[in-house]
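> Using only what follows, build the 3D model:
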Amino acid sequence: MRQSGDREERCFSKLREKGLRLTSQRLIIARHLFAMGHRHVDAISLFNELRDEGESLALATIYNTLSEFEQCDLIRRIAVSDDKVWYDTDVGDHRHFFIKAENRIMDCPSGHLEPEAFAPPPAGYKIKSIDVVIHLEAEDE
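I've put the predicted structure just below:
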């Protein structure tokens, strides 16, 4: 369990470094996100999880906090469609499977993504991250 405490402390330190106050709402969300290790969440499922645990945070607060955590590079935003966004606590480059019928996202088997496998960036730019989402559906559909 110490590992989750270390992740929480790194999160709190990063928030402080970025000048964000450690509000009770941010602490609740950070503890919930990082205590469970690597995971994928969307704002509504996080809202429901927190509510089920007795926390009463507004959905807007959750959206805003997830956005702040993303800007601090604590989580990674994965947009799978115009209306569906997931957040990943693993901010490293990796690929994802998305299964729309199950409303589920999961990591693809590991494999290092080399920037050279993609088009080189235009002059004056560098690759910050690589996002790959592979959309799946059941074979009988």
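> going forward, measure contacts between C-alpha atoms and count neighbours the same way
OK.
> so what's residue 16 up against?
By CA atoms under 8 Å, 6 or more residues apart in numbering, the contact set of residue 16 is residue 22.
> Quickly find the element holding it.
Assigned by DSSP states H and E, residue 16 belongs to helix 2-17.
> Repeat that for residue 126.
Per DSSP H and E, there is no helix or strand for residue 126.
> quick revisit: pLDDT on the helix or strand just after the helix holding residue 16, on average?
Using DSSP H and E, the helix or strand that follows helix 2-17 in sequence is helix 24-35. Across helix 24-35, the average pLDDT comes to 88.
> got the angle between helix 24-35 and helix 2-17?
Angle, helix 24-35 to helix 2-17, by axes from the mean of the first three to the mean of the last three CA atoms, to 10 degrees: 140 degrees.
> For helix 24-35, which outside residues touch it?
Against helix 24-35 from outside (CA under 8 Å, 6+ apart): 4-5, 7-8, 11-12, 39, 50, 57, 61-62, 65, 89.
> List the buried residues of it.
25-27, 29-35 (16 or more other CA atoms under 10 Å).
> which stretches of the chain have low pLDDT?
Along the chain, the model assigns pLDDT under 70 to residues 1-5, 111-118, 129, 141.
> where do the helices sit along it?
2-17, 24-35, 43-52, 59-71 (DSSP state H).
> so which of the ones you listed comes closest to residue 130?
helix 59-71 (15.1 Å; CA to CA).
> Which strands or helices does the closest one pack on?
Using 3 or more CA pairs under 8 Å, 6 or more residues apart in numbering; DSSP states H and E, the elements in contact with helix 59-71 are helix 24-35, helix 43-52.
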